[in-house]
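> okay, structure incoming, though there's no sequence with it:
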């Protein structure tokens, strides 16, 4: 059985691809990458087909995470196939819920973090703060992985 995790933000060029890359690294380091399919998407199509923004790529490179990705908009198929849909903020959470029913577990990324300093991952696209966003994403991804491992017994 493959566990499908899909991270979601607005444009799929900053936060959700960062979370996808970080989560992939965590499962690779844990030696359980074969048990997962990890993806990310956006609730808008503004940046469809684009690579992650330079701030995201720079912070990932700084932390030794190599990553390639092309932005895409969330599709109804994601609701049908994902086991975990993980939005970065409440607006994205609401957008997912408006798309329709899903059997996926749908929770904000930072709901999985131990003792989170924020409830939502802020969008660094205009304001910057990619290092801070990386620290939040890492904490959320670590908590999500621990949650999935406990739930799935892996």
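The structure has been received and is ready for your questions. Because the structure is a prediction, the values reported are computed rather than measured.

> pretty sure residue 58 is touching residue 130, no?
Yes - the criterion here is CB atoms under 8 Å, and residue 58 meets it with residue 130 at 6.9 Å. The way it works is simple: take the backbone N, C-alpha and C, and place the C-beta from them, glycine included.

> of the two, who's got more company?
Each of residue 58 and residue 130 has its neighbours counted (other CB atoms under 10 Å); residue 130 has more, 23 against 13.

> doesn't residue 56 make contact with that one?
Yes - with contact defined as CB under 8 Å, residue 130 reaches residue 56; the gap is 6.5 Å.

> and the biggest helix by length in the chain, what does it pack against?
Longest helix in the chain, counting residues (DSSP state H): helix 130-152. Counting contacts by 3 or more CB pairs under 8 Å, 6 or more residues apart in numbering; DSSP states H and E, helix 130-152 packs against strand 3-9, helix 15-29, helix 54-62, strand 84-87, helix 124-127.

> what are the buried residues along it?
For helix 130-152, the neighbour count (16 or more other CB atoms under 10 Å) marks 130, 132-134, 136-145, 148 as buried.

> what two of the residues you listed are the furthest from one another?
Set against one another by CB to CB, these have their most distant pair in 130 and 148, with a gap of 25.7 Å.

> and for the nearest residue to residue 91 once chain neighbours are set aside, the neighbour number?
Nearest residue to residue 91, sequence neighbours excluded (CB to CB, 6 or more residues apart in numbering): residue 10, at 7.2 Å. Residue 10: 21 surrounding residues under other CB under 10 Å.

> again with residue 45
For residue 45, the count of nearby residues is 14 (other CB under 10 Å).

> gap between it and residue 93?
19 Å (CB to CB, to the nearest Å).

> how about residue 119?
When residue 119 is compared with residue 93 (using CB to CB), they lie 11 Å apart.

> where does this protein have low pLDDT?
Where the chain drops to pLDDT under 70, the residues are 47, 49.

> do I have it right that residue 128 meets residue 56?
No - Residue 128 lies out of contact with residue 56 (CB under 8 Å); the separation is 11.5 Å.

> settle it for me: which of those two has more neighbours?
Taking other CB under 10 Å, residue 128 and residue 56 do not tie; residue 56 has more neighbours (26 against 10).

> how much space separates the more buried one from residue 126?
Computed with CB to CB, the distance linking residue 56 and residue 126 is 14 Å.
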